[in-house]
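Colleague: Pasting the sequence and the predicted model now:
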Amino acid sequence: MGSLAQKLSGIVGSAFESQGLDKSFGTVRVADRPDLAQFQCNGAMAASKAAKKNPREVAGAIVEELQKNPVFSKVEIAGPGFININVTDDYLSAYLKETGADKRAGVSDLGHNETVVLDYGGPNIAKAMHVGHLRSAIIGDSIRRIMKFVGYKTLGDVHMGDWGTHMGMLIDDYITRGEEKIVLDTNLNSQSSIDALMEDMAERYPRASGAAKENPDLMARAHAATVKLQNKEQPHYGLWEKIRDVSIKGMERNYAALNVFFDLWKGEADVHDYIAPMVEDLQKKKVAIESDGAQVVPVAEESDKKEYPPLILYKRDGAVMYGTTDMATIVERVKLYNPNKIVYVVDQRQGLHFEQLFRAARKGGLVKAAVELTHAGFGTMNGPDGKPFKTRAGGVMRLDDLISMAEEKAKSRMDEAHLAEDMPAAEKADVAHKVAIAAIKFADLQNSRVADYVFDLDKLTSFEGKTGPYLLYQAVRIKSLLRKAGYDITKSSPLMLADVDRPLALLLTELPDSIEGAVKNYFPHHLCDYAYRLAQAFSSFYGNCHILSEENKALRDSRLSLCAQTYRQLELTFGLLGIDIPERM
RNA sequence: GUACCCGUAGCUCAACUGGAUAGAGCACCUGCCUUCUAAGCAGGGGGUUGCAGGUUCAAGCCCUGCCGGGUACGCCA
């Protein structure tokens, strides 16, 4: 179906065709000069070359054609050859009625049920989740929700880091100190028992890892332990299984708090059995060769402007690396799901790794040429000082600590504003939680994915301006209004558009553009921008006319209908961002 | 050293991939709560888009060269 601008593009495109010009020149967009028109088409200027006429002449012919069409209330030429367009209120109303009733809110089916695997987890099972996992989870989960909505079959995979040298270090430390019982005696049904092991690892892992870096003997032992683990030898493998089970419990808690969902709870270890046959195959194809005692896939190409190190499959000591498991994961995904796309939502700093991986995968014929492999990388989350985010003490902040801090801030801010005072404690805590998550997620998602961003807890919990809580507030306000009016939120009434209504009505036609823009480049921030503009347009509308006291019944119903549609769009958009709206606040 | 990313209002960020007068939020200033939730609304000041060239009807966006910041560059993930 598409946005209103897309529909108009079809009409204007036909007008270009009737002049013997390509219909793509007819692309219509929302005007960036609302004082001049509702929509604009810039194609006449681009088409003037092909037509060998001056731009205003081309535009003139198009305008003449369009003026015959009753959907337009105004079509005129401006400046060097812009075509400015207004539509009639009837046409606008009919569009809103149609999309308001549509299951997909007017968005076209872009996915065609194609399968896409999304990789946006990557927590390490040797330690508790920390802020470094936040962006991946938030952005990746949002992309998954968006793609699912536009018709893709989506599979989100947590893809745990559970098979590398770090596990060898940790497990070797338990064994050499004879402290295996700490792991093995952990009771999976007891939160305190789980916490105890997590705390033990939180102390042990950095110490073991630091010691191994200092001491080559320890590092050699860690590598040996890693090989034993990867060969599933005991007691290494048994310890590993328990650590993994305990860690998953912690991950589940964290991801549930963030309202981040995964279809697949897989890890590097799950693909272990694919590795040997895959490497054999690559060796047979001469794609994998020996180099410095390691087995590698060279990925450099003639035309390269920089150096591409090979992807290492087996290190000199025979252990595998993350490139190996990533390759094997592609093999598994192709075998089990046959995806059309695989999207990795991973820190931008791993860009080179993914270039190597994709080249090696294609060179080895692991995926068909038509399969899209994308690294949707993101920038660093910095603190207010502009450097990577740290605790006050300079350490890495745990994810659950960060969430509690945001909840505390949300709670105290609600108290200050005397909000939710009459609520039962449980509901109040739930609202504070939703406000905190909305604050964190919106602050992250509103920035362009590729850029670094500053995470300033004080700022994003100040609850003013372009923030998650502001958006929740507007949504809740609409809901409350509709409740008071006794107007069914799913209903729609015939629209009567006065000057105060029109900006909101026009904005409501843009939803498909913002969703499609978000899908195209895996950019959720386009959706944030739309949600914010919508909330603001509503707030302005709300301030400019008093709806409940409106005496003209038809106008009152029309406005309630606009409110309901605005709410439904906000709810949909927040849903795609992974943000929950409380009933009241 | 080589490659990639970034540089936009005092601060934090947008700009629908080349369109008209570069937009928001915070901060600052002026109004608005005895009517639907003021976490709000209406308005104001604030810019040589790092610098210099180039491409074209049109450049924050594309090309070249500088300046400044970040990141990555074989046996970690």
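Modeller: Sure, I can see it.
Colleague: When you work out contacts or count neighbours from here on, use the C-alpha atoms and nothing else.
Modeller: Fine.
Colleague: Where does pLDDT dip in chain A?
Modeller: Applying pLDDT under 70 to chain A flags no residue at all.
Colleague: In a helix, residue A:519, correct?
Modeller: Yes - according to DSSP: H, G, I helix; E, B strand; the rest coil, residue A:519 belongs to a helix.
Colleague: Isn't it up against residue A:148?
Modeller: No - counting by Cα atoms under 8 Å, residue A:519 does not reach residue A:148; the two are 10.2 Å apart.
Colleague: how much space between the one residue in the stretch 151-300 of chain A that gets nearest to RNA strand B and residue A:280?
Modeller: When scored by Cα to the nearest atom of the strand, the stretch 151-300 of chain A has residue A:164 as its residue closest to RNA strand B, at 3.3 Å. Taking Cα to Cα, to the nearest Å as the measure, residue A:164 falls 21 Å from residue A:280.
Colleague: Looking at these two now, which is surrounded by more residues?
Modeller: residue A:164 (21 against 12; other Cα atoms under 10 Å).
Colleague: wait, isn't that one in contact with residue A:323?
Modeller: No - look at residue A:164 against residue A:323 with Cα under 8 Å: they stay out of range, at 10.7 Å.
Colleague: I'd like the next helix or strand past the helix or strand in which residue A:404 is found.
Modeller: Assigned by DSSP states H and E, residue A:404 belongs to helix A:399-416. Proceeding N to C from helix A:399-416, the next assigned helix or strand is helix A:425-445, under DSSP H and E.
Colleague: immediately after that next one, which helix or strand?
Modeller: Downstream of helix A:425-445, the first helix or strand assigned by DSSP H and E is strand A:453-454.
Colleague: which non-adjacent residue is nearest whatever residue of the stretch 251-400 of chain A ends up closest to RNA strand B?
Modeller: Going by Cα to the nearest atom of the strand, RNA strand B is nearest to residue A:315 of the stretch 251-400 of chain A, at 3.1 Å. Spatial nearest neighbour of residue A:315, excluding adjacent residues (Cα to Cα, 6 or more residues apart in numbering): residue A:294 at 4.8 Å.
Colleague: Do I have it right that residue A:271 meets residue A:325?
Modeller: Yes - shown here, residue A:271 and residue A:325 form a contact pair, counting by Cα under 8 Å, at 6.6 Å.
Colleague: Who has more neighbours out of these two?
Modeller: Per other Cα under 10 Å, whichever of residue A:271 and residue A:325 has more neighbours is residue A:325, with 23 against 20.
Colleague: How about the more buried one, nearest residue that isn't a chain neighbour?
Modeller: residue A:268 (5.7 Å).
Colleague: swap in residue A:556?
Modeller: Leaving aside its sequence neighbours, residue A:556 sits nearest to residue A:550 (Cα to Cα, 6+ apart; 5.6 Å).
Colleague: do residue A:574 as well
Modeller: residue A:580 (6.8 Å).
Colleague: and residue A:74, helix, strand or coil?
Modeller: Residue A:74 ends up strand, using three-state DSSP.
Colleague: What number of residues are in the vicinity of it?
Modeller: 16.
Colleague: Can you measure across stretch A:416-423, start residue to end residue?
Modeller: Stretch A:416-423 has its terminal residues 15 Å apart, counting by Cα to Cα.
Colleague: same check, this time on stretch A:39-59
Modeller: End-to-end span of stretch A:39-59 (Cα to Cα): 15 Å.
Colleague: Report the distance from that stretch to the chain centre.
Modeller: In this view, stretch A:39-59 has its centroid 38 Å away from the chain centroid, taken as Cα atoms, centre = their mean, to the nearest Å.
Colleague: and what of stretch A:425-438?
Modeller: That offset, for stretch A:425-438, works out to 22 Å (Cα atoms, centre = their mean).
Colleague: Please save the CA atoms from it in PDB.
Modeller: Taking Å, rounded to 0.1, in the frame of the first residue of the first chain, the C-alpha atoms of stretch A:425-438 are listed here in PDB:
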ATOM      1  CA  ALA A 425       3.400  -0.300  45.000                       C
ATOM      2  CA  ALA A 426       3.600  -3.100  42.500                       C
ATOM      3  CA  GLU A 427       2.100  -1.100  39.700                       C
ATOM      4  CA  LYS A 428       4.200   1.900  40.500                       C
ATOM      5  CA  ALA A 429       7.400  -0.200  40.400                       C
ATOM      6  CA  ASP A 430       6.200  -1.600  37.000                       C
ATOM      7  CA  VAL A 431       5.700   1.900  35.700                       C
ATOM      8  CA  ALA A 432       9.100   3.000  36.900                       C
ATOM      9  CA  HIS A 433      10.600   0.000  35.200                       C
ATOM     10  CA  LYS A 434       8.900   0.700  31.900                       C
ATOM     11  CA  VAL A 435       9.900   4.400  32.100                       C
ATOM     12  CA  ALA A 436      13.500   3.400  32.800                       C
ATOM     13  CA  ILE A 437      13.700   0.900  29.900                       C
ATOM     14  CA  ALA A 438      12.000   3.400  27.600                       C
END
